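Undergrad: dropping the sequence and predicted coords here.
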Amino acid sequence: MPELPEVEVVKRSLEKEIKNLTIQKIKIFDGDLRYKVKNQELNKIVGLKLLKIQRRSKYLLFFFSKKNLMVAHLGMTGKFLIERKNRLKQKTSFYYQADYTKNKHNRIEFLFHDNVKIIYNDIRKFGFIKLERINKNICDIKFLKILGPEPLSNELNFKYFKKYLVGKKRNIKSLLMDQKFISGLGNIYVNEILFKSKVRPSKKVSRLKDSEIKYIIFYTKRILKNAIIKGGSSIKDFSNSTGKQGKFQQHFNVYGKQHEECSNTDCNKIIKKIVIGGRASFFCSKCQK
DNA sequence: AGGCATGTTACAGG
DNA sequence: ACCTGTAACATGCC
């Protein structure tokens, strides 16, 4: 589930549930994630209070008291599931309905006081959870240091874009996927952005017109914002933020739509699927130049 | 059975 | 050293 909008949705729902709560206990069922996690490491935050959660790109940053930071990345299939024991009976809200405890892909469990439990579940184990000390600037953290600007910030503007293209020979899709250029986009949203911008994913960046660059920037921001409002996109294994499904997949124009007709009203071309940089790429050969 | 999957990165080759 | 493309990671689904 996790590109920028999905991570943002997770961040908001998590913060609503566990901000200002203190961790009582952590159980690791399988710490063999992208990086190995050990009890010894995670136990450092037991007894500490969660002050706030931030999102940077696709990373979640959990700020705990005493300058402890927990960095999490969801990889391809990571999720945080929320469970409140004492409210299971009520079933008034989707947050409290499910009993997630028995899922075999539960990797780590965080028990907060107030009977709130957060479960990190990850089928493919490409995600990770890691503790960091906050010494100086969070920007110095290894994972965050190499990231380009947030696409929703003013740092992503025409001037930045244009300047970055100098000397580059790549195609536009790989560039948008490159987290050093802009951080937070992934395969789904890049396909959708390029469709709306009427730019072919294979187009070399050196051949982009100024107007096309402006469209790409505009639709990057618009599509991401819309997706966040819709609760992100839930594909296949659905369950987005915390049991709640996202709705943005209903608005996909090209992703996963090979063999379907182009959604532009004046076009009846069939959406094509090709591979660029090892990833599935979808486009309309008539509308995207 | 084989191909494919929302991400990142180590490595090879230019 | 830089730029670019590919393979690998672990697991499930069609």
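TA: Thanks, I have the structure now. Quick caveat, the model's predicted, so the values are computed rather than measured.
Undergrad: can we go C-alpha only for contacts and neighbour counts from here?
TA: Noted.
Undergrad: out of the helices and strands in chain A, which is least certain?
TA: helix A:94-97 (a mean of 44; mean pLDDT, DSSP states H and E).
Undergrad: what does the helix or strand just after that one rub up against?
TA: Toward the C-terminus, helix A:94-97 is succeeded by strand A:106-112 as the next helix or strand (DSSP states H and E). Outside of strand A:106-112, the residues that reach it under the criterion Cα atoms under 8 Å, 6 or more residues apart in numbering are A:18, A:21-31, A:117-122.
Undergrad: and with 6 Å instead?
TA: A:22-30, A:117-121 (Cα atoms under 6 Å, 6 or more residues apart in numbering).
Undergrad: and the residue of the stretch 101-250 of chain A found nearest DNA strand B, how many neighbours does it have?
TA: Here the stretch 101-250 of chain A gets closest to DNA strand B at one residue, residue A:186, 3.0 Å apart by Cα to the nearest atom of the strand. Using other Cα atoms under 10 Å, residue A:186 is surrounded by 18 other residues.
Undergrad: for it, give its distance to residue A:215.
TA: From residue A:186 over to residue A:215 the distance is 18 Å, taken as Cα to Cα, to the nearest Å.
Undergrad: among the contacts of strand A:106-112, which lie within strands?
TA: Members of the contacts of strand A:106-112 lying in strands (criterion: DSSP state E): A:23, A:24, A:25, A:26, A:27, A:28, A:117, A:118, A:119, A:120, A:121.
Undergrad: what does the stretch 51-200 of chain A have sitting close to DNA strand B?
TA: Proximity of the stretch 51-200 of chain A to DNA strand B, by Cα under 7 Å from any atom of the strand, involves residues A:58, A:75, A:76, A:77, A:126, A:143, A:179, A:184, A:185, A:186, A:187, A:188.
Undergrad: chain neighbours aside, what residue packs nearest to residue A:221?
TA: Leaving aside its chain neighbours, residue A:221 sits nearest to residue A:152 (5.6 Å; criterion: Cα to Cα, 6 or more residues apart in numbering).
Undergrad: should've said residue A:258
TA: residue A:271 (4.8 Å).
Undergrad: pull the number of nearby residues for residue A:251.
TA: Neighbour count for residue A:251, taken as other Cα under 10 Å: 14.
Undergrad: and the pLDDT at it?
TA: Note for residue A:251: predicted pLDDT of 92.
Undergrad: relative to residue A:161, how far out is residue A:11?
TA: From residue A:11 to residue A:161 the distance is 28 Å (Cα to Cα).
Undergrad: higher neighbour count, the two?
TA: The neighbour count for residue A:11 versus residue A:161, taken as other Cα under 10 Å, is higher for residue A:11 (22 against 17).
Undergrad: so what touches stretch A:50-57?
TA: Against stretch A:50-57 from outside (Cα under 6 Å, 6+ apart): A:4, A:19, A:20, A:21, A:60, A:61, A:62, A:63, A:64, A:183, A:184.
Undergrad: among the residues you listed, which are located in strands?
TA: When DSSP E is applied, the contacts of stretch A:50-57 are split such that A:60, A:61, A:62, A:63, A:64 fall in strands.
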